[in-house]
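Next come a sequence and a model predicted from it.
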Amino acid sequence: MLESVFFVFFLIFIALVFDFLNGFHDAANSISTVVSTRVLSPRIAVLWAAFFNFSAVFFVGTAVAHTVGKGIIQIDVVDNLIIFSSLGGAITWNLITWYLGLPSSSSHALIGGLIGSAISKAGMGTLVWSGIIKTTLFIVVSPAIGMILGFAFMVISMNLSRNSNIAKADKIYRKLQLFSAAVYSLGHGMNDAQKTMGIIAMMLYSKGFLGDTFHIPIWVIIASYSVISLGTMFGGWRIVKTMGTKITKLQPIGGFSAETAAACSIIGATVGGIPVSTTQTIAGAIVGVGASKRLSAVRWGVAGNIIWAWVLTIPVSAIISSLFFHALKHFLY
């Protein structure tokens, strides 16, 4: 019994490591636009983003956590090895894409990990297709919505400032970008922290620690928001350059439009209980902002590399998770 409890604590620790890496990996999404437009220094930007990542705890429920916890795989097949393998696959893919400077999705890496380990244990019948289809559909939908909204917000912003001189408009949008960066970071915390909540609650429920009803304990909520905020504070500097400068060149008006567009999309998905990729959403919004000027303003080669990372995330994470499962099953079963 003591060994079992110890392993539960160990898995909670690994889940929080994933949560930290999620914040670390996705810090670029929260700060890239506000840093690239020089509205905030990198040091102040990560503190700004981390504060609003945590502040999300006061604004939203746990709908996304419930989707991750019981809407991807059948909860009755969950055990220690499935949790460990899922987290191992997600963390490994996050580190690979961080090293390569690719803004992939931590959310979809976790979902791929769950799929790979569950299939390895009990086959395709363990998958909850309604949740998987809803989540994978948003691999296309969330960046598309971000791009459309980014384009629209940029066009509206340019029209509103058409009678203003460049210096005055720049000054106004530099101030507005503080607000848009805060709202985006709030949305990021709302959606991404809940993925860790979901997997910790899944494990606790499978061990009987939550009783007969699946729910998210308050300590899990506080821990998840706290750790993702710490990850954001440390920042993922390799990805900041890709997001902030390589896709398209941004000015404060573009940074405001991209962040506002992405925030609207992410917060809407969070309310609907859909675990979307904040990375994909902000990247789509940045592309939309660049395209509003002219299509050639977008570096489509870079955007194409990012899309490949999106496409590969779930299957590659699933494969890595499956390898973890098969390598360790003889020790844990």
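Received the coordinates, thanks. Residues are numbered from 1 along each chain as shown.

And for residue 132, the neighbour number?
17 (other Cβ atoms under 10 Å). No exception for glycine: its C-beta is placed from N, CA and C like everyone else's.

And the average pLDDT for stretch 318-330 is what?
Stretch 318-330 shows a mean pLDDT of 94.

Grab the nearest non-local neighbour of residue 7.
In space, and not counting its chain neighbours, residue 7 is closest to residue 80: 5.7 Å by Cβ to Cβ, 6 or more residues apart in numbering.

Please name the residues that touch that neighbour.
Counting by Cβ atoms under 8 Å, 6 or more residues apart in numbering, residue 80 touches 7-8, 11, 203, 332.

List just the nearest of those residues to residue 62.
Nearest to residue 62 among the contacts of residue 80 is residue 203, at 15.5 Å by Cβ to Cβ.

Nearest spatial neighbour of residue 288, chain-adjacent residues omitted?
Here the residue nearest residue 288, using Cβ to Cβ, 6+ apart, is residue 150, at 2.9 Å.

Am I right that the one you found is in contact with residue 287?
Yes: Residue 150 is in contact with residue 287 according to Cβ atoms under 8 Å; the separation is 7.0 Å.

Could you check which of the two has the larger neighbour count?
Using other Cβ under 10 Å, the more surrounded residue of residue 150 and residue 287 is residue 150, with 32 against 26.

and the more buried one, what element?
Residue 150 is part of helix 129-160, with elements assigned from DSSP states H and E.

That helix packs against which elements?
Contacts defined by 3 or more Cβ pairs under 8 Å, 6 or more residues apart in numbering; DSSP states H and E place helix 129-160 against helix 63-70, helix 106-122, helix 252-271, helix 278-293, helix 300-332.

Adding distance to residue 35, write those out as a markdown table.
Putting the helices and strands packed on helix 129-160 into a markdown table (distance: least, Cβ to Cβ, whole Å) gives the following:
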| stretch | distance to residue 35 |
| --- | --- |
| helix 63-70 | 27 |
| helix 106-122 | 20 |
| helix 252-271 | 9 |
| helix 278-293 | 13 |
| helix 300-332 | 17 |
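
Quick one, which of those helices gets closest to residue 15.
helix 106-122 (9.6 Å).

avg pLDDT for the closest one?
So the average pLDDT for helix 106-122 ends up being 92.

what angle do the longest helix seen in the chain and helix 106-122 make?
Assignment by DSSP state H gives helix 166-206 as the longest helix of the chain. On the basis of axes from the mean of the first three to the mean of the last three Cα atoms, to 10 degrees, helix 166-206 is oriented at 20 degrees to helix 106-122.

just use 21 as the starting number from now, easier for me
Yes, from this point I'll number from 21; that puts the last item at helix 186-226.

how far does the helix or strand just after helix 186-226 sit from the chain's center?
Once the chain leaves helix 186-226, the next helix or strand it forms, by DSSP H and E, is helix 238-254. In terms of Cα atoms, centre = their mean, to the nearest Å, the gap separating the centre of helix 238-254 from the centre of its chain is 13 Å.

Kindly report the same for stretch 67-85.
With Cα atoms, centre = their mean, you get 12 Å for stretch 67-85.

List the buried residues for that stretch?
By neighbour count on 16 or more other Cβ atoms under 10 Å, the buried set for stretch 67-85 is 67-77, 80, 82-85.

Which pair of the residues you listed spans the longest distance?
67 and 83 (28.4 Å).

Nothing else from me, thank you.
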